[in-house]
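Visitor: I need the structure of the sequence given here:
(one chain, ligands or ions: 1)
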Amino acid sequence: MSKAHFGLIGLGVMGENLVLNAERNGFSSVVYNRTYSKTQAFLEGRGAGKSITGASDLKDFVSKLERPRRILMMVKAGSATDAVIDQISKYLEKGDLLIDGGNSEFRDTERRVAQLESKSFGYIGMGVSGGAKGAFEGPSMMPGGTKASYDAIESLVSKMAAQVEDGPCVAYIGPGGSGHFVKTVHNGIEYGIEQILSEAYDVMKRIGGLNGNQIADVMSHWNRTEELSSYLVEITEVCLRARDPEDDSDLVEKIMDKAGQKGTGLWTVISALELGASVPTIYASLNARVMSSLKVQRVKAESIIKAPALSSFDLGCAQDGMAPLMDAVVLATIASYAQGMELLRSASDEYKYNLNLPSIAQIWKGGCIIRSQLLKRIQNAYEADPHLQNLLIDSWFAEQVNSRLHNLANIVSGAAQRGIPLPCLSSSLDYINSYRSGRLPQNLVQAMRDCFGSHTYERIDQEGSFHTEWLE
Ligand code: NBP
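Guide: The predicted structure follows:
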């Protein structure tokens with residue numbers, strides 16, 4: 001019997017769809033899952049009649065693969081991934097390739113790349129985005145590791161990936177854990193945009209008095225604009241139109257307002273803090289989820305702390321796509337991408353990843369959760385100026401900021417006067433205002449630090465380090 005081209009470990013939501021994708025693209029496959037009954041169910045179900053066989057143990061799995069073996073692990077990140085590596089290593093031979101497609105922490109991947117490559121196996125840490133549907137139809141993939149290992153899987157992943165007008169949504173990212181780092185930042189941006197759209201919904205519902213279908217109409221309008229056309233706006237419309245089969249009301253209104261936060265959003269913020277990169281929009285989205293989990297406390301506080309007095313402000317009209325609110329959403333979305341891209345640049349410098357920012361924007365244009373038309377502009381901006389320090393000062397993005405900033409300010413201040421929290425929109429406004437402020441009040445912070453701790457300060461008019469005896 002001829003050997004299979006591709007092996008997959010972990011028949012969960014993602015693994016099942018990815019192996020069907022590989023098989024459809026001409027790669028005969030063999031699958032293994034810790035719980036064998038799942039393998040059997042898959043082979044009798046979605047995997048039936050396809051060039052996919054199963055294995056009940058890892059020795060048999062490895063023996064069914066052509067060499068060099070290309071094996072994708074889609075298991076839970078963390079100790080499960082280490083366990084699988086540990087169990088399979090004894091059956092691998094020189095040149096075989098293990099790919100971790102889970103959401104692993106990038107430092108774990110750094111460690112595993114070094115460990116596996118030292119045994120002459122290839123190891124790729126590959127971020128995969130697109131959910132179950134993307135995994136089946138074509139995801140966006142972010143592989144990192146050695147270039148030689150990437151070259152060995154390129155024919156496979158470039159066929160499996162989503163395809164956009166300028167190629168597949170996969171490219172070599174860089175060494176070590178860079179692929180998983182880029183996926184982590186992708187997820188951080190995703191957190192930001194999800195929260196921004198949720199805040200816009202809240203404003204339209206609580207200030208504009210719109211119902212789910214009316215808000216969905218605005219989302220539909222936004223999804224037809226260059227600035228906001230995206231997968232996340234598209235699915236927001238879908239969610240808002242869904243009816244509760246019980247009483248035909250807006251289903252979204254029946255959902256508990258508590259969101260969890262998995263590793264990647266938190267890791268993005270931790271990495272940003274470690275690297276000294278500014279990501280307030282992304283941090284605000286993470287914190288909004290933390291606040292949402294305090295449901296019992298919030299319900300109690302609502303009856304104790306009253307909202308400020310009402311004041312009116314211009315939200316725009318639904319037929320016009322709520323133009324002022326759209327301005328606010330466009331800028332917060334841009335801020336989210338800008339922060340993510342700057343975090344990637346910092347990591348690239350610090351960890352010597354040599355990241356290609358236009359290529360990463362290209363990979364994200366299809367298949368993944370944050371795909372959007374804006375990514376074409378982002379790709380253009382970094383292609384035009386590889387040393388661009390921040391998206392906000394690229395000419396097209398600067399024009400967006402200059403023409404829309406007043407409305408972001410109006411929406412944030414108007415909502416604040418009604419006691420409606422807009423963590424991501426207000427953080428984005430602060431981010432943009434801070435970034436465009438030639439002088440910030442950190443001169444006073446420096447004075448205080450020198451006053452109590454003799455930390456010294458620099459002057460704007462003289463070179464050197466200065467100290468003042470402030471309390472004398
Ligand atoms: P699921 O939760 O659907 O499946 C997890 C898989 O991991 C199952 O096959 C399970 O085997 C296996 N597994 C576990 Br749990 N512990 C194991 C162990 N100690 N040894 C061997 N196998 C073990 O996950 P999923 O949603 O398909 O996600 C897989 C990976 O992809 C995760 O890292 C996830 O973060 C990442 N990811 C998910 C998405 C998404 O949209 N869901 C998107 C992108 C990336 P069992 O059947 O025996 O329990």
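
Visitor: part of a helix, is N402?
Guide: Yes: read with DSSP: H, G, I helix; E, B strand; the rest coil, N402 is one of the residues of a helix.

Visitor: Contacts for the helix or strand in which I282 is found next, please.
Guide: Assigned by DSSP states H and E, I282 belongs to helix 280-292. Contacts of helix 280-292 with the rest of the structure, by CB atoms under 8 Å, 6 or more residues apart in numbering, involve 188-189, 191-192, 194-196, 257-261, 265-266, 268-269, 272, 298, 332, 335-336, 339-340, 421, 423-424, 426-428, 430-431. Heads up, the C-betas are built off the backbone N, CA and C, glycines and all.

Visitor: Tell me the helix or strand right after it.
Guide: Trace forward from helix 280-292 with DSSP H and E and the next one is helix 295-304.

Visitor: got the buried residues for the helix holding I282?
Guide: 280-289, 291-292 (16 or more other CB atoms under 10 Å).

Visitor: Please enumerate the strands of this protein.
Guide: Using DSSP state E, the strands found in the chain span residues 6-9, 29-32, 52-54, 70-73, 97-100, 122-129, 140-144, 163-164, 167-168.

Visitor: Buried ones among the contacts of helix 280-292?
Guide: Buried members of those, scored by 16+ other CB under 10 Å, are 188-189, 191-192, 194-196, 259, 261, 265-266, 268-269, 272, 332, 335-336, 339-340, 423-424, 426-428, 431.

Visitor: can you give me the helices for the stretch 201-350 of the chain?
Guide: For the stretch 201-350 of the chain, helices defined by DSSP state H, counting those that start in this stretch occupy the ranges 212-222, 231-241, 263-275, 280-292, 295-304, 323-351.

Visitor: can you give me the mean pLDDT across the fourth one?
Guide: Right, the one you point to is helix 280-292. Averaged across helix 280-292, the pLDDT comes to 91.

Visitor: do the fifth one as well
Guide: If you average the pLDDT over helix 295-304, you get 82.

Visitor: How about the longest one?
Guide: Per-residue pLDDT values over helix 323-351 give a mean of 96.

Visitor: tilt between it and helix 263-275?
Guide: In terms of direction (axes from the mean of the first three to the mean of the last three CA atoms, to 10 degrees), helix 323-351 departs from helix 263-275 by 60 degrees.

Visitor: Does anything pack onto helix 323-351? Which helices or strands?
Guide: Other helices and strands packing on helix 323-351, by 3 or more CB pairs under 8 Å, 6 or more residues apart in numbering; DSSP states H and E, are helix 178-206, helix 212-222, helix 263-275, helix 280-292, helix 357-363, helix 374-384, helix 395-417, helix 423-435.

Visitor: how far off helix 212-222 does it point, in degrees?
Guide: Put simply, helix 323-351 runs at 60 degrees to helix 212-222, going by the same axes, to 10 degrees.

Visitor: any chance of the buried residues of helix 280-292 in JSON lines, plus distance to K38?
Guide: Putting the buried residues of helix 280-292 into JSON lines (distance: CB to CB, whole Å) gives the following:
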{"residue": "P280", "distance to K38": "42"}
{"residue": "T281", "distance to K38": "39"}
{"residue": "I282", "distance to K38": "35"}
{"residue": "Y283", "distance to K38": "38"}
{"residue": "A284", "distance to K38": "39"}
{"residue": "S285", "distance to K38": "34"}
{"residue": "L286", "distance to K38": "33"}
{"residue": "N287", "distance to K38": "37"}
{"residue": "A288", "distance to K38": "36"}
{"residue": "R289", "distance to K38": "31"}
{"residue": "M291", "distance to K38": "37"}
{"residue": "S292", "distance to K38": "33"}
